[in-house]
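> sequence and predicted model, in that order:
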Amino acid sequence: MRASEFIAEGEQVGALTKRKNFATVGLHKFADYPADRVYELNRVMMATAATDGTFVPDVDGESWAGRWDIAAPYTQEEADKLKMAYKAIGSKFRDLNKGDLRSQEIPSTSTASPVQAFKGYPR
């Protein structure tokens, strides 16, 4: 092993030497600034899986959550604790519940039972 392979001093940051380039053909470098490298990598790999290389896939560059972290409190007490924690840390947050933590079915959900009453048992 040559010293130049493990000593980083003197090399230009990010330079790929000709010797190293022989073993690493086909490299791509990409970034989205300001970078969240793991999120960007995830979105690019999702789009890669959605194409065969002959068309640009219809994949959103960001999900509904985007680069935000997600917390899902079950009770109002947990929501209040999270809000105090955000203030303590200095985190920005958005309450997507609009103040209501009750779970609701979507309007298209059937609310009538398909089971017929029988032998005195109500539906």
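Sure, I can see it.

> quick one: buried residues of the helix or strand bottoming out on mean pLDDT in the chain?
When the helices and strands of the chain are scored by mean pLDDT, DSSP states H and E, helix 18-23 comes last with a mean of 82. Counting neighbours by 16 or more other C-beta atoms under 10 Å, one finds that helix 18-23 has no buried residues. All C-beta spots, glycine's among them, are computed from the backbone N, C-alpha and C.

> contact partners for residue 92?
By C-beta atoms under 8 Å, 6 or more residues apart in numbering, residue 92 lies in contact with residue 86.

> so what does the least confident helix or strand of the chain touch, helix or strand wise?
Taking 3 or more C-beta pairs under 8 Å, 6 or more residues apart in numbering; DSSP states H and E as contact, there are no helices or strands that helix 18-23 lies on.

> mind listing what's buried along the helix or strand just after it?
Remark: after helix 18-23, the chain's next helix or strand is helix 37-49, criterion DSSP states H and E. Neighbour counts over helix 37-49 (16+ other C-beta under 10 Å) mark 40, 43 as buried.

> so how far is the helix or strand following helix 37-49 off the chain centroid?
Per DSSP H and E, the first helix or strand lying C-terminal to helix 37-49 is helix 76-89. Centre-to-centre, helix 76-89 and its host chain are 22 Å apart (C-alpha atoms, centre = their mean, to the nearest Å).
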